[in-house]
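Enquirer: What shape does this take:
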Amino acid sequence: MTILGYLEALLLIGLPLSALMALAWVVQQRTGNSGWVDTIWTFSVGLVGAAGALWPVTGEAPNGRQWLVAVLVAIWSVRLGTHVARRTTKISDDPRYAEFARQWGKDAPRRMFLFLQQQAWGSLPLAFAIFVAAHVPAAGLRLQDGLGALILLIGIAGEALADAQLKAFRSNPDNHGKVCDVGLWRWSRHPNYFFEWVCWLSYPVIALAPDYPWGLASILAPLFMYWILVHVTGIPPLEEQMLRSRGARYRAYQDRTSAFFPLPPRKQSAI
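Expert: Numbers count the residues shown, from 1 in each chain. Below is the predicted model of the structure:
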């Protein structure tokens, strides 16, 4: 596949993502619930990623590696997208996006549209990593393909466990107003985000190969996801909201618990 072919692939990945996130904007504007944004984004990346993985760039039927990558991204998308959709049906709005809208004021609809388009085109490193991993020019499945699949499945399982632990904690009336610090949440303030990041480590494992320089592009996926989760739309706005709603309890939780990477809780000095 030529350089022009890979540039064409980038465009063919970006355009449907842009269209699907425009649809997310329409849904958000009509329902007033911005939780649907993350739902549609997850299914969009899964759909575009799986389609890109199976794209017959050589004119031949998809091989085993293409099917493996397509199935992996489909499993990730369905699991996470369904979880976010169920959560969205139980809320009136996502507090992170609601805070953005409050700051934007009357210009919120236009700013939200532009923000979602930034999400669409900013997701190119993720979808392109899936594409290059699926199209490694190597015959047959390799040990590293299995290792990549195992890493992604571990990430999915870890994220699902973190989500289940948080749901169980919140469903107990005795925990109302408290901070979840049980299970994985005792070791990381955002174990669901950590395991989501682990999922994206799988594609470089599959994509990196001798004489395949495009495989290096897959490294951008975990780098981009880490930046987004830790510094942009993940931890910062969520922790601001938690500090507003939980106050001193959450500050104490911050003091003793790692923000992202799971680590043993820090001992707190007696007051």
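Enquirer: contact partners of stretch 89-100?
Expert: Stretch 89-100 has contacts (CB atoms under 8 Å, 6 or more residues apart in numbering) with 28, 32-35, 37-38, 88, 108, 111-112, 115, 233, 237-238, 240-241. For glycine as for every other residue, the C-beta is placed from the backbone atoms N, C-alpha and C.
Enquirer: Would you mind listing the buried residues in the helix or strand containing Trp76?
Expert: In this structure, Trp76 sits in helix 64-88 according to DSSP states H and E. For helix 64-88, burial by neighbour count (16 or more other CB atoms under 10 Å) applies to 65-70, 72-73, 75-77, 79-81, 83-85, 88.
Enquirer: Same question for stretch 175-183.
Expert: For stretch 175-183, by 16+ other CB under 10 Å, it's Val179, Cys180, Asp181.
Enquirer: Residues contacting that stretch, please?
Expert: Residues from elsewhere that reach stretch 175-183, judged by CB under 8 Å, 6+ apart: Leu161, Ala162, Gln165, Leu166, Phe169, Arg170, Met242, Arg246, Arg249, Tyr250, Tyr253, Thr257.
Enquirer: which one of those residues has the most neighbours?
Expert: Within the contacts of stretch 175-183, most neighbours by other CB atoms under 10 Å means Ala162, with 23 neighbours.
Enquirer: pretty sure that residue is touching Trp185, no?
Expert: Yes: counting by CB atoms under 8 Å, Trp185 is a contact partner of Ala162 at 7.0 Å.
Enquirer: what residues are shared contacts of the two?
Expert: Pro191.
Enquirer: ok, how many other residues are close to Gly59?
Expert: Neighbours around Gly59, by other CB under 10 Å: 5.
Enquirer: Does it lie in a helix or a strand, and which?
Expert: Counting by DSSP H and E, there is no helix or strand that carries Gly59.
Enquirer: about what we covered before: mind listing which of the contacts of stretch 89-100 are in helices?
Expert: Under the assignment DSSP state H, the contacts of stretch 89-100 contribute 28, 35, 37-38, 88, 108, 111-112, 115, 237-238, 240-241 to helices.
Enquirer: Show the buried residues in the contacts of stretch 89-100.
Expert: Using 16+ other CB under 10 Å, the buried ones in those are 28, 33-35, 37-38, 88, 108, 112, 115, 233, 237-238, 241.
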